[in-house]
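> just the structure for this:
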Amino acid sequence: MASTPQQQSSSSSQDPTEYLRTAQFTRSDAVAPPENAVTATDLLMAAYDPAKLHPLADLGDKLDYLLLEDDKTNDIPGSGTAIPSRGWSDDLCYGTGTMYLSGLALGGLWGVREGARRPLAVSNTRLRINSVLNSVTRRGTFIGNSAGVLALMYNGVNSSIDAVRGKHDIIGSMTAGGVTGALFKSTAGVKPAIVAAGFMSGMAGLWSFVKKSV
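Down below sits the predicted model:
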């Protein structure tokens, strides 16, 4: 924007407000508006195709796309089962979450049964409901947390064994189950640890056999 020489010479003697009222401005390098310019209304009313912005940006073939292989499953030999998995992260997350929720449900049913059968000094509906809720809270959290910890340990150990051996089979799963049970009950003594290792090893072998057979 530029003003005329007469206005510039008189700007020192005039009041700024009066000068702005009488000044005339002209554009020295006027740029013609582009044809078919996109306005906000075009974008809001979906009248303009966003794909047309690609040639306007002059990107050419410089775009890099992030390729996500969500459908790619685990390629370790023997990993093809009835439950597809994309790797150890899937087994760890889904296995732990499933076991935790299953434990909460099982513990909740146990708590309902225990609270409903517990003898009370006074037969009262409010006391009975309170007894059931206390039992559900105690049994549900105990079973859910225990099942979640076991699943977390088992999937971690099982994935580590598969990575070292380079394959997935029932032997590796049973070994992971035995290690998990022994670690889970290691603070209770040698005998409870051995019993837990045998139980977890059998359950892991049964689960692997079911996945392979289905």
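> what packs against the longest helix along the chain?
Longest helix in the chain by number of residues (criterion: DSSP state H): helix 125-165. With contacts defined as 3 or more Cβ pairs under 8 Å, 6 or more residues apart in numbering; DSSP states H and E, the packing partners of helix 125-165 are helix 88-117, helix 170-184, helix 190-213. For glycine as for every other residue, the C-beta is placed from the backbone atoms N, C-alpha and C.
> run through this structure and note the low-pLDDT ranges.
1-14, 25-87, 214 (pLDDT under 70).
> domain ranges for it, per the record?
Split into domains by automatic domain parsing, the chain comes to 5-57, 88-213.
> from the ones you listed, which stretch is densest packed?
When you average the neighbours per residue for each of the domains of the chain (mean count of other Cβ atoms under 10 Å), domain 88-213 leads with a mean of 17.
> need the CA coordinates for stretch 147-160. CSV is fine.
C-alpha atoms of stretch 147-160 as CSV (Å, rounded to 0.1, in the frame of the first residue of the first chain):
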residue,chain,number,x,y,z
ALA,A,147,-5.4,-65.3,36.6
GLY,A,148,-4.1,-62.1,35.0
VAL,A,149,-0.7,-62.6,36.6
LEU,A,150,-0.5,-66.2,35.5
ALA,A,151,-1.4,-65.4,32.0
LEU,A,152,1.1,-62.5,31.9
MET,A,153,3.9,-64.8,33.1
TYR,A,154,2.9,-67.7,30.9
ASN,A,155,2.7,-65.7,27.6
GLY,A,156,6.0,-64.0,28.4
VAL,A,157,7.8,-67.2,29.1
ASN,A,158,6.1,-69.1,26.2
SER,A,159,7.1,-66.4,23.7
SER,A,160,10.6,-66.4,24.9
